[in-house]
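Student: Using only what follows, build the 3D model:
(one chain, ligands or ions: 1)
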Amino acid sequence: MIHLNDLNQHYGGTQILWDLNLDIDAGSCTCIMGRNGVGKTTLLKTLMGLLPISSGEIQFNGEALHKRTAEYRAPAGIGYVPQGRDIFPLLTVEENLKLGLPARGDKSKKIPERIFELFPVLADMLHRRGGDLSGGQQQQLAIGRALVINPKVLILDEPNEGIQPNIVRQIGDVILKLNEEDGLTVILIEQKLGFARRVGKEFRLMEKGRIVAADKMDNLNDELIRQYLAV
Ligand SMILES: Nc1ncnc2c1ncn2[C@@H]1O[C@H](COP(=O)(O)OP(=O)(O)OP(=O)(O)O)[C@@H](O)[C@H]1O
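Tutor: Predicted coordinates:
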């Protein structure tokens with residue numbers, strides 16, 4: 001579904017991604033893991049077209065995404081929840097959710113009911129301002145907003161950062177439902193091993209701007225953890 005081929009990326013003169021290759025199959029749930037600063041967020045931003053690539057290819061369902069602008073990602077079916085959530089604090093929950101509607105292929109004007117099934121709190125708080133929500137509720141709103149476009153793949157950058165444990169569990173439940181019940185392909189950056197093991201079916205380990213290990217989550221063993229994740 002997604003293939004990154006020999007991707008190179010620089011911030012100014014500093015190279016961050018080095019000949020990076022990544023394959024994501026339709027229907028998979030993949031955790032991208034690695035120590036701080038290895039380039040995980042840079043990888044997702046590059047995939048989303050938010051950072052220019054120096055060379056390489058980004059293929060999405062056979063289409064050359066690296067030739068398209070960032071704005072093309074949502075209508076193509078790529079939902080993105082950036083690090084830090086990025087909701088609009090002065091808009092209501094409903095207004096935040098409706099922002100995604102123009103990018104839907106079917107031009108529907110209605111927020112899908114499934115979003116309120118997954119996140120009942122968003123229905124309860126529909127007319128509250130985004131900025132009045134707790135951090136965990138804002139994260140649920142950010143995920144809901146990404147789902148409004150009816151994506152084929154959902155990409156999340158550390159969805160649990162700074163969120164209280166009961167909401168982390170709920171977000172994990174939602175990711176599992178989206179992947180297992182709805183068949184949505186999921187890619188997420190995740191630092192917490194327990195969460196990654198619970199929701200991820202696959203892992204990709206990064207070091208120094210490269211993918212250095214790729215396998216089923218069941219095969220994430222102590223040796224790999226020691227080598228690429230332990231601090
Ligand atoms: N806007 C920027 N300009 C220059 N360098 C940057 C910029 N953003 C990130 N970097 C550098 O790029 C490298 C990779 O950063 P990135 O945020 O992608 O890593 P990460 O694996 O997501 O780390 P973390 O887990 O801390 O978020 C780091 O050395 C970082 O300092």
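
Student: If you drop the residues flanking it in sequence, what lies closest to Ala142?
Tutor: Closest residue to Ala142 apart from its sequence neighbours, by C-beta to C-beta, 6 or more residues apart in numbering: Arg85 at 4.3 Å. For glycine as for every other residue, the C-beta is placed from the backbone atoms N, C-alpha and C.

Student: In this structure, which helix is the longest?
Tutor: For the chain, the helix with the greatest residue count under DSSP state H is helix 165-180.

Student: Give me the contact list for that one.
Tutor: Applying C-beta atoms under 8 Å, 6 or more residues apart in numbering, the external contacts of helix 165-180 come out as 27, 29, 118-119, 134, 136-137, 139-140, 143, 147, 154, 156, 159-160, 163, 184-186, 188, 192, 195, 198-199, 201.

Student: again, 7 Å this time
Tutor: Contacting residues not belonging to helix 165-180 are listed as 29, 118-119, 136, 139, 143, 154, 159-160, 184, 186, 195, 198-199 [C-beta atoms under 7 Å, 6 or more residues apart in numbering].

Student: Tell me which of those residues fall in helices.
Tutor: Counting by DSSP H, these contribute 118, 136, 139, 143, 195, 198-199 to helices.

Student: so Gly162 is in which element?
Tutor: Using DSSP states H and E, Gly162 maps to neither a helix nor a strand.

Student: Looks to me like the residue nearest to Ala142 is in a helix.
Tutor: No. With DSSP: H, G, I helix; E, B strand; the rest coil as the criterion, Arg85 is located in coil rather than a helix.

Student: List, one by one, the residues from this protein near the ligand.
Tutor: 11, 16, 34, 36-42 (C-beta under 6 Å from any ligand atom).

Student: Buried members of these into PyMOL, please.
Tutor: To isolate the buried members of those in PyMOL, using 16 or more other C-beta atoms under 10 Å:
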select buried, resi 16+34+38+39+40+41+42
